[in-house]
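Enquirer: Structure for this input, please:
(one chain, ligands or ions: 1)
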Amino acid sequence: MKIVTCDSYEDMSSAAADIFQNQLLKKPESIFGLATGSTPLGLYSELVARFEAGLVDFSKSSSFNLDEYYPIKSTHHQSYHYFMEEHLFGKVNFASSRVPSGESDDPKGECEQYDAAIEAAGGIDLQLLGVGVNGHIGFNEPAATYMLSTHLTELAQSTIVTNSRFFAEGEIQPTSAITMGFGAIFGAKSILMLISGASKTPIVKKLLEYKIHTDIPASLLLLHPDFTVIIDKEALGT
Ligand code: GLP
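Expert: All right, here's what the predicted structure looks like:
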C-alpha cells in the first residue's frame, strides 16, 4: 500500500486528479472504475475544471461505476446514475460510461452483463474507491465470505443508517444494491482509495495495521500490488 497524506480535502482531491490526469496521458483509452459518495466530489469537480481548461480529455476512455441502489429509477435524485450525471458525466466527455441498472427486472442478468462488459473492455485500468465507515468497498459489506462477481446484495444496517441522511423523510430508501464484487475491483491494474473526514479515522487505523481483517473489506486491498490511499489530515486523526 502506498500512502499519501494531505493537509486538506482540497489537497486530497487535487492529488487524486493528478493521478487521473497522468493515467489519461499514459493511456488515453483508459478504463476507469468510478465511485460515488461524498468523498470523490472534490476530485470530480477538479476533473471538470481541468477538462474545461483543456488539461484532460476523456474522449477515448470509458468508465464503469462500482454500484447502484436496487431497486431505484436512474432518474431518482439519490440514484448513482443521477449522481454521476450531475457531478461528472454531464460535464466531461467519456466515450462511454456505465452504472449498474437499478431498474432492471432481471438483476442477475444485469450483473452478468456488467461483468462481461468489464471483461470485454479488457478490465479496469484505474479503480477509484471510497470506503464506508464499516470498511465496505462499493457495497461489499463486512461478511464471512466475499463475492468475486457483480451481485445483488443487502445493505448493512449501519450503511442504511449512514446513507439515510441523503433521503428525505418519508422517502423510500432502498435496502439492497447491485455492486461490483472483488473480482473486477482486484482485477484493476491500479486502485486509488480516497479517505477523508474524522468518521473514517478508525478505518484508517485498521489499514495502517497492515493486517487483513476479514470483517473489514477494505483491508483485503492490502493484497493488491498497486494500491494507493490518499488520506486527509482529519481522517488520519492528527
Ligand atoms: C457509499 C458507497 C461507497 C462509498 C461509501 C462512502 O455507500 N456505496 O462506494 O465509498 O459509501 O461514502 P462517503 O464517501 O460519502 O463517505
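
Enquirer: what's the distance between the nearest residue to residue 150 once chain neighbours are set aside and the ligand?
Expert: Leaving aside its sequence neighbours, residue 150 sits nearest to residue 111 (C-beta to C-beta, 6 or more residues apart in numbering; 4.1 Å). For the C-beta atoms, the positions are set from N, CA and C on the backbone; glycine is no exception. From residue 111 over to the ligand the distance is 16 Å, taken as C-beta to the nearest ligand atom, to the nearest Å.

Enquirer: Surely residue 111 is in contact with residue 151?
Expert: Yes: the criterion here is C-beta atoms under 8 Å, and residue 111 meets it with residue 151 at 5.5 Å.

Enquirer: returning to what we had before: can you tell me the helix or strand for the residue nearest to residue 150?
Expert: Residue 111 is located in helix 107-120, with elements delineated by DSSP states H and E.

Enquirer: circling back to that earlier point, now list whatever residues contact both of residue 111 and residue 151.
Expert: Each of residue 178 lies in contact with both residue 111 and residue 151 under the rule C-beta atoms under 8 Å, 6 or more residues apart in numbering.

Enquirer: what about the strands in this protein?
Expert: With DSSP state E applied, the chain shows strands at 2-6, 31-34, 62-65, 67-70, 96-98, 126-129, 151-154, 176-179, 190-195, 227-232, listed in chain order.

Enquirer: Take these and lay them out in CSV including distance to the ligand.
Expert: Shown next, in CSV, are these (distance: least, C-beta to the nearest ligand atom, whole Å):
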stretch, distance to the ligand
strand 2-6, 15
strand 31-34, 10
strand 62-65, 9
strand 67-70, 5
strand 96-98, 16
strand 126-129, 6
strand 151-154, 11
strand 176-179, 7
strand 190-195, 8
strand 227-232, 12
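
Enquirer: now these in a markdown table, with mean neighbour count?
Expert: A markdown table is the format used below for these (neighbours: other C-beta atoms under 10 Å):
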| stretch | mean neighbour count |
| --- | --- |
| strand 2-6 | 15 |
| strand 31-34 | 23 |
| strand 62-65 | 23 |
| strand 67-70 | 24 |
| strand 96-98 | 16 |
| strand 126-129 | 26 |
| strand 151-154 | 18 |
| strand 176-179 | 25 |
| strand 190-195 | 24 |
| strand 227-232 | 22 |
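
Enquirer: In a markdown table, list those along with distance to residue 203 and mean pLDDT.
Expert: Output for these, formatted as a markdown table (distance: least, C-beta to C-beta, whole Å; pLDDT from 0 to 100):
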| stretch | distance to residue 203 | mean pLDDT |
| --- | --- | --- |
| strand 2-6 | 13 | 98 |
| strand 31-34 | 20 | 98 |
| strand 62-65 | 22 | 98 |
| strand 67-70 | 18 | 98 |
| strand 96-98 | 28 | 98 |
| strand 126-129 | 12 | 98 |
| strand 151-154 | 20 | 98 |
| strand 176-179 | 18 | 98 |
| strand 190-195 | 7 | 98 |
| strand 227-232 | 10 | 98 |
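
Enquirer: and the residue located most distally from the centre of the chain, what pLDDT?
Expert: In the chain, counting by C-alpha atoms, centre = their mean, residue 170 sits farthest out from the average C-alpha position, at 27.5 Å. Turning to residue 170, the model gives it a pLDDT of 87.

Enquirer: Give me the distance between it and the ligand.
Expert: Distance of residue 170 to the ligand, given as C-beta to the nearest ligand atom: 21 Å.

Enquirer: Residue numbers of this protein in contact with the ligand?
Expert: For the chain, the residues in contact with the ligand (C-beta under 6 Å from any ligand atom) are 35-39, 66-67, 130-132, 138-139, 159, 163.
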